[in-house]
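S.K.: Fold the following for me, if possible:
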Amino acid sequence: MTTMAPLAYSPYDYGIHEDPYPTYARLRAEAPVFYNEELDFFAYARHADVLSAFRDVDRYSNAYGVTLDPAAFGPDAHRAMSFLAMDPPRHTRMRSIVGKSFTPRRVAAMEDDIRALAVAHLAPALEAGSFDFIADFAGLLPMDVISELVGVPASDRAEIRRLADLLIHREDGMTDIPAEGLDAALTLAGYYGEMVADRRRREHDDLTWSLLQAEIDGDRLTDDEVISFLFLLVVAGNETTTKLLGNAWYWGWRNPDQRAKPFADPARVPDWVEETLRYDTSTQMLVRVTSQPVRVQDVDIDAGRRILLLLGSANRDEDVFPDPERYDLERRTQDLVSFGSGRHFCMGAALARMEARVALTEVRAQVRDYEVDPSGIARVHSINVRGFAALPTTVTPR
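M.R.: Model (predicted):
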């Protein structure tokens, strides 16, 4: 008789990075409000509890940031994470002013440019026949899109991506941002500071300049507030979309019956994107802090306690998604929580979805089928973000 190992969960665990879903299933069944004594956090594993916490800004605070890392968690978290690390009314003010520039119209107008960038990156990859889907495509396109949006020149983008990768990487056994990540953060902050100073001197046709001009009743963003938003974009807007594309590619390869649907009919590409967002979302967890006592699943939690909202687990909750371990493009995905909910619903959700849709549509237009070399697959090791560092791919052209 096999004895099941004691239930344990830590977002720093490399085993969790490889496959968190069996642990999530046990958490939902055995300890939907799980306490990690060593790291001193509670984790919510069920969809209903995650969704409720997202929507309850009175009892769950964002003001200390969204990660456990000691170097990034605290009252100054907004300096790097912008309004993602704010509560109302500061959050309301910041998001409202940013929204004057980062509009749905501006995002929609980017579609043709995104398509052109996707085609440009695909051409050399497809000509080679074998390439790394991450390094040669999925890691390039989102950085180019964000860079075009905010005004980072093409010559600087590879370095900005390298710095962003250092920000999210976690060494095995470490429970904080490594020294290289902290150095990368300082370098990025300095780079964006110079960009903002340049936009103060002269007009540019980009989001950075537009953010400096945006106002509501005379209230404008400070230089530091613009810098923090740019910092947020390079992490949330770049890394998570890269991981979304890679996850869609991987799970399409692992499930050829489902992959065949968008490859036969481009109208099914959005279903490919949405089921990937549910099945293996880029953002696996986000932190909140209780601002008053709460009682969840018969567990009493004091004010001032850290709560991990396990998005990856919520998206596989059997009570919301029947047969959740099956990757199924026919599935109803309206209840996924990959972009959060309520006042903190991801402002970049529409852009991420459009990027993924356009990118995968352009790939399937030129590719009849593909294979991934399992011996070369490498995962990213991050506590918040899940995805691949390498996906060696060989394509069969149409």
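S.K.: Make sure Leu149 is indeed in a strand.
M.R.: No - counting by DSSP: H, G, I helix; E, B strand; the rest coil, Leu149 is located in no strand; its state is helix.
S.K.: what about the closest residue to it other than its chain neighbours, neighbour count?
M.R.: For Leu149, ignoring the flanking residues on the chain, the nearest one in space by Cβ to Cβ, 6 or more residues apart in numbering is Leu207 at 5.0 Å. In this view, the C-beta of every residue, glycine as well, is placed from N, C-alpha and C. The tally of other residues near Leu207 (other Cβ atoms under 10 Å) stands at 23.
S.K.: Isn't Leu207 up against Gly151?
M.R.: Yes - with contact defined as Cβ atoms under 8 Å, Leu207 counts as touching Gly151 (7.1 Å).
S.K.: Could you give the separation of stretch 230-244 from the chain centroid?
M.R.: 6 Å (Cα atoms, centre = their mean, to the nearest Å).
S.K.: what does the average pLDDT come to for it?
M.R.: For stretch 230-244, mean pLDDT rounds to 85.
S.K.: Stretch 199-208 now?
M.R.: 92.
S.K.: Would you mind pulling the contact partners of it?
M.R.: Applying Cβ atoms under 8 Å, 6 or more residues apart in numbering, the contact partners of stretch 199-208 are 101-102, 106, 149-151, 195-196, 198, 209, 212, 223, 226, 230.
S.K.: Name the residues of that stretch that are buried.
M.R.: For stretch 199-208, burial by neighbour count (16 or more other Cβ atoms under 10 Å) applies to 199, 206-208.
S.K.: then that stretch to PDB, C-alphas only?
M.R.: Taking Å, rounded to 0.1, in the frame of the first residue of the first chain, the C-alpha atoms of stretch 199-208 are listed here in PDB:
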ATOM      1  CA  ARG A 199      10.000  62.900 -23.100                       C
ATOM      2  CA  ARG A 200      10.000  65.800 -20.700                       C
ATOM      3  CA  ARG A 201      12.300  67.600 -23.100                       C
ATOM      4  CA  ARG A 202      10.600  66.800 -26.400                       C
ATOM      5  CA  GLU A 203       7.400  65.200 -27.800                       C
ATOM      6  CA  HIS A 204       7.400  61.600 -28.900                       C
ATOM      7  CA  ASP A 205       4.600  59.600 -30.500                       C
ATOM      8  CA  ASP A 206       4.500  56.900 -27.900                       C
ATOM      9  CA  LEU A 207       2.800  55.900 -24.700                       C
ATOM     10  CA  THR A 208       5.500  57.300 -22.400                       C
END
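S.K.: one step back: most surrounded residue in the contacts of stretch 199-208?
M.R.: Val226 (28 neighbours).
S.K.: Now do the contacts for it.
M.R.: Per Cβ under 8 Å, 6+ apart, neighbours of Val226: 192, 196, 208, 211-212.
S.K.: do that again at 6 Å, thanks
M.R.: 196, 211 (Cβ atoms under 6 Å, 6 or more residues apart in numbering).
S.K.: No more questions from me, cheers.
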